[in-house]
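**Student:** Model the following, please.
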Amino acid sequence: MCLSDGLSFNAVQPSVKLSSLRFTGSTAGIASLQTVDSVDATILVDNSIDILLPSADHVIRPSLTWDWSRRPQLRAEHGYSLLFNVQKRGSVKTILYDAGLSPDTITHNLAVLGIKLTDLDAIVLSHGHADHHGGLFGIVHSLGKKNLPLILHPDAWKNRKIRFPSGSEMHMPPPDRRALEKNDVRIIDSRAPSLLLSDQALVTGQVERVTDYEKGFPLQYEEKELEHWESDPWIWDDQGIVFNVNGRGLVVASSCSHSGAVNVLRNAQRITGANKVHAFIGGMHLTGGTFEKIIPQTIQDVKTIHPDIIVPGHCTGWKATHLLSREMPDAYVQASVGTQIHFG
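**Tutor:** Numbers count the residues shown, from 1 in each chain. Okay, the predicted model is just below:
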């Protein structure tokens, strides 16, 4: 399949068939994405937590606890992870999307929330940055499951760094493939969209770039050869998850939206053939001087897409988050670690 920018995609065929995991190379509207009755998204890792936030009709906040000397508390960090429970006709299937930054934050927060991943069906990695895969090994090691699918874009294995205008640099190592394979993780590299959970969830694969102002991450470099670094601004491995909730529309999740939040939403509409976006949840990467200048245009275009619910988190940033809350007050939901949002 070829996109308008000339990029070529190839479907990946798994060496062993999985009844709950199927792939497709077509993106001319993936009509086989099945509708589901509802989706529950739990924020396992995010940059912030507010234990005083009230619950609402479709938003459940974790129980308020103060006695940190006797009971472990939820942690926030610069990272992101979502847990999706997908319901259809009484059946519930589960996807973990990313795993935060530090090795143990996600496992700690799962324990505090009383969530066990014994029935986890698949893990999806949004991209190869460390604040999204840092807790991955801890999860798969603690589960001890055989042949657990991990779906990611092949560029997620790149060794990268961020070079800031000040001259300082931040290393962004990829996931440890060898360690994952030793723990019986079934790694599936795919640039193309992938259908999961009996076609009830869609991993977007590489996102088509159509806007003229969302231009990736110009501060990023990749290691081509030992100690030889080249500019790598586009972060083609950035991918999200899409669900189609019966009677509501698309629920679109994107951990960082390095593709650009508007590109992410329009791409979800294009590859599903659906126009209505019910909800967006995830990071929008609008923080920092490089990205703040595109906040007004991004929010203007998101408003034209008109999601019923928007839950900006992680790298969205203070300025963009507060502008979203003012411009889309009926749709806006404040993100906080431990929050569960019900779509359906």
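**Student:** Give the next helix or strand downstream of the least confident helix or strand in the chain by mean pLDDT.
**Tutor:** Using mean pLDDT, DSSP states H and E, strand 21-23 stands out as the lowest-scoring helix or strand of the chain, at a mean of 42. The helix or strand immediately downstream of strand 21-23 is strand 35-36, counting by DSSP states H and E.
**Student:** per-residue confidence averaged over the next helix or strand after that next one?
**Tutor:** Going down the chain from strand 35-36, the next helix or strand is strand 38-45, by DSSP H and E. If you average the pLDDT over strand 38-45, you get 98.
**Student:** my guess is residue 124 contacts residue 152, does it?
**Tutor:** Yes: Residue 124 lies in contact with residue 152 (C-beta atoms under 8 Å); the separation is 7.4 Å. No exception for glycine: its C-beta is placed from N, CA and C like everyone else's.
**Student:** Next one, pLDDT for the residue nearest the centre of the chain please.
**Tutor:** For the chain, residue 255 is the residue whose C-alpha lies nearest the centre (C-alpha atoms, centre = their mean; 3.2 Å). Residue 255 is assigned 97 on the pLDDT scale.
**Student:** ditto for residue 70
**Tutor:** pLDDT at residue 70 comes out at 82.
**Student:** SS state for it?
**Tutor:** coil (DSSP: H, G, I helix; E, B strand; the rest coil).
**Student:** quick one: the helices in the chain?
**Tutor:** Secondary structure of the chain (DSSP state H): helices located at 105-113, 130-133, 136-143, 177-182, 261-272, 289-292, 295-305, 318-327.
**Student:** what would these look like in TSV with mean pLDDT?
**Tutor:** Supplementary listing: the helices of the chain in TSV, determined by pLDDT from 0 to 100:
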stretch	mean pLDDT
helix 105-113	97
helix 130-133	98
helix 136-143	94
helix 177-182	96
helix 261-272	97
helix 289-292	93
helix 295-305	98
helix 318-327	98
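**Student:** any chance of those in CSV, plus distance to residue 60?
**Tutor:** Compiled in CSV, the helices of the chain are given as follows (distance: least, C-beta to C-beta, whole Å):
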stretch, distance to residue 60
helix 105-113, 11
helix 130-133, 24
helix 136-143, 23
helix 177-182, 32
helix 261-272, 25
helix 289-292, 31
helix 295-305, 25
helix 318-327, 20
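**Student:** would you turn these into a markdown table with distance to residue 210 and mean neighbour count?
**Tutor:** Formatted as a markdown table, these follow (distance: least, C-beta to C-beta, whole Å; neighbours: other C-beta atoms under 10 Å):
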| stretch | distance to residue 210 | mean neighbour count |
| --- | --- | --- |
| helix 105-113 | 33 | 21 |
| helix 130-133 | 24 | 24 |
| helix 136-143 | 31 | 20 |
| helix 177-182 | 32 | 13 |
| helix 261-272 | 6 | 23 |
| helix 289-292 | 18 | 14 |
| helix 295-305 | 11 | 17 |
| helix 318-327 | 20 | 16 |
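**Student:** now for those, which one comes closest to residue 99?
**Tutor:** Residue 99 lies closest to helix 136-143 among the helices of the chain, at 4.2 Å (C-beta to C-beta).
**Student:** Only the C-alpha atoms, please, for the closest one, written as PDB.
**Tutor:** Extracted in PDB, the C-alpha atoms of helix 136-143 (Å, rounded to 0.1, in the frame of the first residue of the first chain):
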ATOM      1  CA  LEU A 136       7.800  -3.000  29.600                       C
ATOM      2  CA  PHE A 137      10.300  -5.600  30.800                       C
ATOM      3  CA  GLY A 138       8.900  -5.400  34.300                       C
ATOM      4  CA  ILE A 139       5.400  -6.100  33.000                       C
ATOM      5  CA  VAL A 140       6.300  -9.100  30.800                       C
ATOM      6  CA  HIS A 141       8.600 -10.600  33.400                       C
ATOM      7  CA  SER A 142       5.900 -10.300  36.200                       C
ATOM      8  CA  LEU A 143       3.300 -11.900  33.900                       C
END
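**Student:** orientation of it relative to helix 105-113 in degrees?
**Tutor:** Angle of helix 136-143 versus helix 105-113, following axes from the mean of the first three to the mean of the last three C-alpha atoms, to 10 degrees, is 50 degrees.
**Student:** show me what contacts residue 156?
**Tutor:** By C-beta atoms under 8 Å, 6 or more residues apart in numbering, the contact set of residue 156 is 125, 127-128, 133, 174-175, 237.
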